[in-house]
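>>> Following is a predicted model, sequence given first.
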Amino acid sequence: MDAERLSICPSILAADFLHLERELARVKNADMIHFDVMDGHFVPNISFGPMIAEQVKATSQVPLDVHLMVSKPEDFIPEFAKLAPLYITVHYETCMHLQRTLSMIRDFGVKPGLSLNPHTPIQVIEHVVPDIELLLIMTVNPGYGGQAFIPQMMEKIRLASRRLEGTSVVIQVDGGISLENTPRVVEAGARAVVAGSAIFGSDDAEAYIETMRAAGLKASTQLI
Ligand code: DX5
Ligand code: ZN
């Protein structure tokens, strides 16, 4: 395995929305801005949609990473695709015709991501591996920021990493991630980490991101 750069993806769900421009400036060294879309149906919470994403896009140079926690992702993909995010990620649990939805994202010129709830087994990706560029392993139940990492997800990341060896699919983890557990998720196989409260709750978000990235690089170097 090569030592790889760890992608740091701050989730703006944890940002101060009255000062979003200032918050985005605090994370300008991030690899992607993670944009959590919640519909109050698939998850018990409502966040924001394409209108806010458009403003984020206009304010930050950092590419967008759209995480759709909505019951009907197909209804939202065209609007988000217009903003040319790096990834649009949909949940396995919301897609009756998953391969079709992933192809729809690719047809818009965006990299398709697939997300799994904590209880969804890794085996469900088997027949869509060629259709995805990113696998998002939820390490909390989606819906809220600030929840605790579910420890048994560590084994799930390892299983995903084994299954995806030799492919270019990036494993991303989301929920309860901080500097403290970053080395362990990287050792297990994650190459992109989402962090909301840890990054935006720190005094110096930019420095926190750099430290996370360095910790990730160190952990992956030790694996070689
Ligand atoms: C949870 C969201 C996460 C969340 C992460 O439903 O998908 O992206 O914002 O927040 P933290 O890092 O605070 O757990
Ligand atoms: Zn998310």
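Everything's here; your move. Ligands and ions are numbered 1, 2, ... in the order given.

>>> which stretches of this structure have low pLDDT?
Low-confidence segments of the chain, defined by pLDDT under 70, are located at 1-3, 224.

>>> Which of the residues in the longest helix belonging to it are classified as buried?
Identified as the longest helix of the chain according to DSSP state H is helix 205-221. By 16 or more other Cβ atoms under 10 Å, the buried positions in helix 205-221 come out as 205, 208-209, 212-213, 215-216, 219-220. Backbone N, C-alpha and C define where each C-beta goes, glycine included.

>>> Residue numbers of the protein in contact with ligand 1?
Within the chain, the residues that sit near ligand 1 (Cβ under 6 Å from any ligand atom) are 11, 13-14, 34, 36, 67, 140, 142-147, 174-177, 194-198.

>>> ok, 8 Å please
Within the chain, the positions adjacent to ligand 1 are 11, 13-14, 34, 36, 38, 43, 45, 67, 69, 138, 140-147, 149, 174-178, 194-199 by Cβ under 8 Å from any ligand atom.

>>> List only buried entries from the residues you listed.
By 16+ other Cβ under 10 Å, those give 11, 13-14, 34, 36, 38, 43, 67, 69, 138, 140, 142-145, 149, 174-178, 194-199 as buried.

>>> among those residues, which are in reach of ligand 2?
Subset of these in contact with ligand 2: 36, 67, 174, counting by Cβ under 5 Å from the ion.

>>> any idea whether the residue in the chain that ligand 2 sits nearest to is helix, strand or coil?
Among all residues of the chain, residue 67 sits closest to ligand 2, at 3.8 Å; criterion: Cβ to the ion. Using DSSP: H, G, I helix; E, B strand; the rest coil, the structure places residue 67 in strand.

>>> unless I'm mixing things up, it is touching residue 32, no?
No. Applying Cβ atoms under 8 Å as the test, residue 67 and residue 32 come out as separate, 10.4 Å apart.

>>> From the chain's centroid, how far away is the longest helix of the chain?
17 Å (Cα atoms, centre = their mean, to the nearest Å).

>>> and that helix, what does it pack onto?
Helix 205-221 is packed against strand 7-10, helix 182-188, strand 192-195, helix 197-200, with contacts defined by 3 or more Cβ pairs under 8 Å, 6 or more residues apart in numbering; DSSP states H and E.

>>> mind saving the C-alpha coords of that helix as CSV?
Output of helix 205-221 as CSV, limited to C-alpha atoms (Å, rounded to 0.1, in the frame of the first residue of the first chain):
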residue,chain,number,x,y,z
ALA,A,205,-9.7,25.0,12.2
GLU,A,206,-7.0,25.4,9.6
ALA,A,207,-4.3,24.0,12.0
TYR,A,208,-6.6,21.2,13.1
ILE,A,209,-7.0,20.2,9.4
GLU,A,210,-3.3,20.2,8.9
THR,A,211,-2.7,18.1,12.0
MET,A,212,-5.4,15.6,11.0
ARG,A,213,-3.8,15.3,7.5
ALA,A,214,-0.4,14.8,9.0
ALA,A,215,-1.7,12.1,11.4
GLY,A,216,-3.4,10.4,8.5
LEU,A,217,-0.2,10.4,6.4
LYS,A,218,1.8,9.1,9.3
ALA,A,219,-0.7,6.2,9.9
SER,A,220,-0.7,5.2,6.2
THR,A,221,3.1,5.4,6.0
